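Visitor: only the shape, not the letters, is given here:
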């Protein structure tokens, strides 16, 4: 007799943000006596193996989205829609085997559109109910809502009112069964002495990840105060030092939690998972959106105009731009709107 229900958690491998925001969900599942099986690929899978070494893991295929240097990122993705839809279809077929082989009782999919089932409860996690694209917005919206509608529920990691994702996370569509679950962060706010003047967190897909890393190392190695740069490579174990700049390949969740608390200023991409962490820790930050990634460009503009964080473009990176006037962007206030996990996870007990 099976004592615990098996829940499959499957984050998309696009950067590591989808994986990091699944960490608090996995912890809550464990607290509520579910057995968690994790399915992902690439750096996301590597990160989750490090965080939960005693769990069962399944390697599944990537969507294999490519970026072309001669095209804006939005256009690159649009022309690959047929390939993405084919990947979703293959993913859905693979899921049927996983359900049978691992006796899965429920699914939580972070932006993997093929991870739904007609036979067991399936949950889709996204903060993008309304994807912001410069062209074909209504077409993309229609596809997005149709795919999300195949899931039992959609969990939106944002506040229902005054959300931190702006209009990305709010829709008037009544055909999707969505619930606002509040921002998701693996971190805990606590007091600590400042150790670093600047913490730079590198993340996101290539080649833009490496371009950002190179530009920030060029500037931060000239900074007179202590800085730390994290490369976002959980598969590596690497440390280097250039002047007052320390470079590390990766930190565990606990180590990164402390490093962010111990840093006066954080420089990072405008990825939503990182933004949720910044709000949780109430940290001052400079956002550098990935060029051509319309979600990040929208978020950085929205949050800068709301006086939460300073935002600069990647081609504007220099030491002066990074550190001047950041103190004007400190509008984060703590919000105690706890998620009712008992009610939320009850979908898997029905």
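Guide: Thanks, I have it. Bear in mind that the values here come from a model prediction, so they are computed numbers and not experimental data.
Visitor: where does the prediction get shaky in the chain?
Guide: Scanning the chain for pLDDT under 70 picks out 1-2, 67-74, 325-331, 337.
Visitor: quick one, strands of it?
Guide: 6-11, 35-40, 56-59, 106-110, 122-125, 153-156, 178-180, 196-201, 227-230, 239-242, 245-248, 263-268, 285-287, 310-311 (DSSP state E).
Visitor: thought residue 205 was touching residue 15?
Guide: Yes: under the criterion of Cβ atoms under 8 Å, residue 205 makes contact with residue 15 at 5.9 Å. C-beta coordinates here come from the backbone N, C-alpha and C atoms, glycine included.
Visitor: neighbour count: those two, which is higher?
Guide: Under the criterion of other Cβ atoms under 10 Å, the comparison of residue 205 against residue 15 puts residue 15 first, with 25 against 16.
Visitor: against residue 29, how distant is residue 38?
Guide: 10 Å (Cβ to Cβ, to the nearest Å).
Visitor: what's the overlap in contacts for the two?
Guide: Contact criterion Cβ atoms under 8 Å, 6 or more residues apart in numbering; residues shared by residue 38 and residue 29: residue 9.
Visitor: circling back: dump the strands of the chain into CSV; add mean neighbour count as well.
Guide: Listed next are the strands of the chain as CSV, based on neighbours: other Cβ atoms under 10 Å:
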stretch, mean neighbour count
strand 6-11, 26
strand 35-40, 22
strand 56-59, 13
strand 106-110, 26
strand 122-125, 25
strand 153-156, 21
strand 178-180, 18
strand 196-201, 23
strand 227-230, 23
strand 239-242, 11
strand 245-248, 20
strand 263-268, 23
strand 285-287, 26
strand 310-311, 24
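Visitor: residue 350 is nearest to which of these?
Guide: strand 106-110 (9.6 Å; Cβ to Cβ).
Visitor: for that closest one, packing partners?
Guide: Packing partners of strand 106-110 (3 or more Cβ pairs under 8 Å, 6 or more residues apart in numbering; DSSP states H and E): strand 6-11, strand 122-125.
Visitor: if we use 10 Å, what do you get?
Guide: Applying 3 or more Cβ pairs under 10 Å, 6 or more residues apart in numbering; DSSP states H and E, we find strand 106-110 packed against strand 6-11, helix 17-20, helix 23-31, strand 35-40, helix 81-102, strand 122-125, strand 153-156.
Visitor: can you check which of those gets nearest to residue 226?
Guide: helix 17-20 (24.9 Å).
Visitor: quick one: common contacting residues for residue 205 and residue 15?
Guide: Counting by Cβ atoms under 10 Å, 6 or more residues apart in numbering, the residues touching both residue 205 and residue 15 are 43, 290, 293.
Visitor: so who does the closest residue to residue 195 other than its chain neighbours touch?
Guide: Leaving aside its chain neighbours, residue 195 sits nearest to residue 262 (3.9 Å; criterion: Cβ to Cβ, 6 or more residues apart in numbering). Going by Cβ under 10 Å, 6+ apart, residue 262 touches 192-196, 199, 228.
Visitor: and those, which is closest to residue 179?
Guide: Taking Cβ to Cβ as the measure, residue 179 lies nearest residue 199 of the contacts of residue 262, at 33.1 Å.
Visitor: pairing partners for that closest one in the sheet, please.
Guide: residue 228, residue 266 (DSSP bridges).
Visitor: now the helices for the stretch 201-350 of the chain?
Guide: Assigned by DSSP state H, counting those that start in this stretch, the stretch 201-350 of the chain shows helices spanning 208-220, 253-261, 272-281, 294-305, 319-323, 341-344.
Visitor: quick one on the thing from earlier: Serialize the shared contacts of residue 205 and residue 15 to a markdown table and add fields for neighbour count and distance to residue 87.
Guide: Below are the shared contacts of residue 205 and residue 15 laid out as a markdown table (neighbours: other Cβ atoms under 10 Å; distance: Cβ to Cβ, whole Å):
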| residue | neighbour count | distance to residue 87 |
| --- | --- | --- |
| 43 | 21 | 18 |
| 290 | 24 | 21 |
| 293 | 23 | 19 |
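Visitor: just checking, residue 112 touches residue 124?
Guide: Yes: counting by Cβ atoms under 10 Å, residue 112 touches residue 124, with 8.3 Å between them.
Visitor: gap between residue 263 and residue 54?
Guide: Remark: distance between residue 263 and residue 54 (Cβ to Cβ) = 31 Å.
Visitor: burial count for residue 117?
Guide: Using other Cβ under 10 Å, residue 117 has 19 other residues around it.
Visitor: residues contacting it?
Guide: Neighbour list for residue 117: 8, 92, 95-96, 98-99, 104, 106-107, 150-152 [criterion: Cβ under 10 Å, 6+ apart].
Visitor: how close does residue 287 get to residue 157?
Guide: Per Cβ to Cβ, residue 287 is found 18 Å from residue 157.
Visitor: I meant residue 115, not that one.
Guide: Distance of residue 115 to residue 157, computed by Cβ to Cβ: 17 Å.
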